[in-house]
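S.K.: Model the structure of this input:
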Amino acid sequence: MMYRDGRVMEEADYSFGSGDITPSGPENRADYRLTAKAVAVLELESGTPGIAGDEGMPGRKLECRIRDLSVSGLSLLSSEALTPGALIPAQVTLTATAEVLNLMLEIVWCRREPAGFLTGARILESDDTACVEWVEAVAGILSSS
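M.R.: Below you'll find the predicted structure:
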């Protein structure tokens with residue numbers, strides 16, 4: 001499987017989740033989960049649009065490391081708590097690819113961890129998001145593993 005920029009996906013980029021990295025508590029995800037080298041940038045607050053001669057105010061973003069992912073969701077490691085039920089736009093980059101996938105996340109759960117917060121998020125289908133591309137990328141990773 002290849003990324004859109006022509007690079008070949010490497011098996012070393014992803015691995016199946018194992019018991020030593022799963023969160024405590026019941027497993028609620030029905031899909032296979034992959035441990036990933038990926039980053040998500042969450043848009044916590046939208047910026048204000050500018051007017052003539054003014055660029056407006058920037059929004060507030062939070063960069064999170066993706067701990068694991070599946071076709072329908074992902075878990076994030078972040079420096080701040082995220083509110084369950086919140087709908088948050090995210091830009092996700094899988095491994096070193098330059099392609100950014102714009103997704104809409106629904107925060108399902110969030111709990112404190114020693115290094116910050118571990119959060120579970122569901123990927124929602126929404127206009128102007130890369131839902132189909134996300135499913136194709138994860139399916140490609142699964143088929144090459």
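S.K.: Quick one: the helices in the protein, in order.
M.R.: With helices called from DSSP state H, the chain shows them at 131-144.
S.K.: Low-confidence regions, it specifically.
M.R.: Residue ranges of the chain with pLDDT under 70: 1-36, 50-57, 96-98, 141-145.
S.K.: Just the strands from it, written as ranges.
M.R.: Along the chain, the segments classed as strands by DSSP state E run 14-16, 34-45, 60-69, 73-78, 87-94, 101-113, 116-124.
S.K.: quick one: contacts for A130?
M.R.: 101-103 (CB atoms under 8 Å, 6 or more residues apart in numbering). Any C-beta I mention is one placed from the backbone N, CA and C, and that applies to glycine too.
S.K.: Tell me the most packed of those, by neighbour count.
M.R.: L103 (22 neighbours; other CB atoms under 10 Å).
S.K.: partner residues bridging that one?
M.R.: A90 (DSSP bridges).
S.K.: So it versus A90, what's the distance?
M.R.: Distance, L103 to A90, using CB to CB, to the nearest Å: 5 Å.
S.K.: Check E45 too.
M.R.: With CB to CB as the criterion, E45 and A90 are 14 Å apart.
S.K.: When these two are compared, which one has more neighbours?
M.R.: A90 (24 against 11).
S.K.: if we can go back for a sec, just the contacts of A130 now: which is nearest P49?
M.R.: N102 (18.7 Å; CB to CB).
S.K.: Tell me who's in contact with the closest one.
M.R.: N102 touches 89-91, 128-130, counting by CB under 8 Å, 6+ apart.
S.K.: give me that answer again for 10 Å
M.R.: The contact partners of N102, taken as CB atoms under 10 Å, 6 or more residues apart in numbering, are 43, 89-92, 126, 128-131, 133-134.
S.K.: any chance of those in CSV, plus distance to A81?
M.R.: Output for the contacts of N102, formatted as CSV (distance: CB to CB, whole Å):
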residue, distance to A81
E43, 16
P89, 18
A90, 16
Q91, 20
V92, 20
S126, 23
D128, 27
T129, 24
A130, 26
C131, 26
E133, 29
W134, 25
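S.K.: Find the pair from those with maximum spatial separation.
M.R.: Farthest pair in the contacts of N102, by CB to CB: E43 and E133, 18.5 Å.
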